[in-house]
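K.L.:
Sequence below, structure please.
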Amino acid sequence: MATLLDAASAPSVAPHVASGPAPAVLASLHDPAVNLAVWARTLDDRLLAELASLDLCCAQDLRLTATPDELATALPPAMAAAGWQAPALTEDMVMLARRFAGVMACTSVDLRLDLVRGDACRKFHADFVPARLVTTYLGPGTDWLPDGAADEAAARRLAAGAVGLFKGRTWPTQTPIIHRSPPIAGTGQVRVVLVINPGNAGTGC
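P.N.:
Down below sits the predicted model:
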């Protein structure tokens with residue numbers, strides 16, 4: 001089983017991981033020695049209550065490419081059309097898109113909110129993008145491997161709510177972070193996962 005990552009243990013788990021309780025840690029991805037930056041945040045009570053009350057039977061996956069400013073206007077109706085009655089979640093997604101665009105200096109972002117009920121992307125891999133933001137709102141978080149790990153037994157897992165900024169294969173001259181979606185097929189679990197890429201980076205898993 002993957003070991004849960006928290007802000008206190010992350011630096012000792014792997015020196016190539018930067019982790020902290022403030023969003024400024026995400027900019028650590030520009031450090032050549034870092035390929036995973038983790039904002040080890042705690043979700044506020046309003047968002048937690050909204051997530052607990054979501055009717056996931058009526059919700060659908062959502063994808064939107066826009067500038068961060070456009071998202072503030074375009075995302076609420078897109079969420080409603082996809083069956084998400086979730087204003088706190090929508091606000092959080094816009095905030096994360098702005099932070100991601102700031103760190104990556106990109107003019108647009110590709111945002112994806114997924115309902116995961118099976119084993120999509122269950123194999124360890126690195127993404128074919130410069131960097132990708134991933135946060136899991138419900139269900140188990142993303143698994144990742146320390147650099148040079150001999151096998152999957154070394155896997156670590158992000159906590160739900162934590163924001164991971166994952167360095168990908170097209171980030172120049174750097175070692176990408178190896179990770180996967182945790183296998184959940186047959187468990188009855190449902191994951192709600194937000195993925196944000198630079199708007200022109202493609203969607204390679």
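K.L.:
Just confirm Val103 is within a strand.
P.N.:
No: using DSSP: H, G, I helix; E, B strand; the rest coil, the assignment for Val103 is helix, not a strand.
K.L.:
So for the residue nearest the centre of the chain, what's the pLDDT?
P.N.:
The centroid of the chain falls nearest to Val134 when counting by Cα atoms, centre = their mean (0.8 Å). You'll see Val134 listed with a pLDDT of 98.
K.L.:
Thought Val193 was touching it, still the case?
P.N.:
Yes: here Val134 reaches Val193: they are 6.7 Å apart, a contact under Cβ atoms under 8 Å. C-beta: built from backbone N, CA, C; applies to glycine.
K.L.:
what about the helices in this structure?
P.N.:
Under the criterion DSSP state H, the chain contains helices at 10-13, 45-53, 68-81, 87-104.
K.L.:
nearest to Ala155, of these?
P.N.:
Minimum separation from Ala155 across those (Cβ to Cβ) falls at helix 10-13, 10.7 Å.
K.L.:
Tell me where the model's unsure across this structure.
P.N.:
Along the chain, the model assigns pLDDT under 70 to residues 1-13, 118, 121, 201-205.
K.L.:
just the strands in the chain please.
P.N.:
3-5, 17-20, 36-39, 62-66, 109-116, 131-138, 143-145, 156-158, 163-167, 178-180, 191-198 (DSSP state E).
K.L.:
got the angle between the last one and helix 87-104?
P.N.:
Okay, so that is strand 191-198. Strand 191-198 and helix 87-104 are oriented at 30 degrees to each other (axes from the mean of the first three to the mean of the last three Cα atoms, to 10 degrees).
K.L.:
then strand 191-198 to CSV, C-alphas only?
P.N.:
Output in CSV follows, covering the C-alpha atoms of strand 191-198 (Å, rounded to 0.1, in the frame of the first residue of the first chain):
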residue,chain,number,x,y,z
ARG,A,191,-12.7,9.8,-6.9
VAL,A,192,-13.3,13.4,-7.8
VAL,A,193,-10.1,14.7,-9.4
LEU,A,194,-9.0,18.0,-10.8
VAL,A,195,-6.3,18.1,-13.4
ILE,A,196,-4.9,21.3,-14.9
ASN,A,197,-2.4,21.5,-17.8
PRO,A,198,-1.0,24.5,-19.7
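K.L.:
Quickly run through the sheet partners of it, with directions.
P.N.:
For strand 191-198, the paired strands and their directions (DSSP bridges) read strand 109-116 (antiparallel), strand 131-138 (antiparallel).
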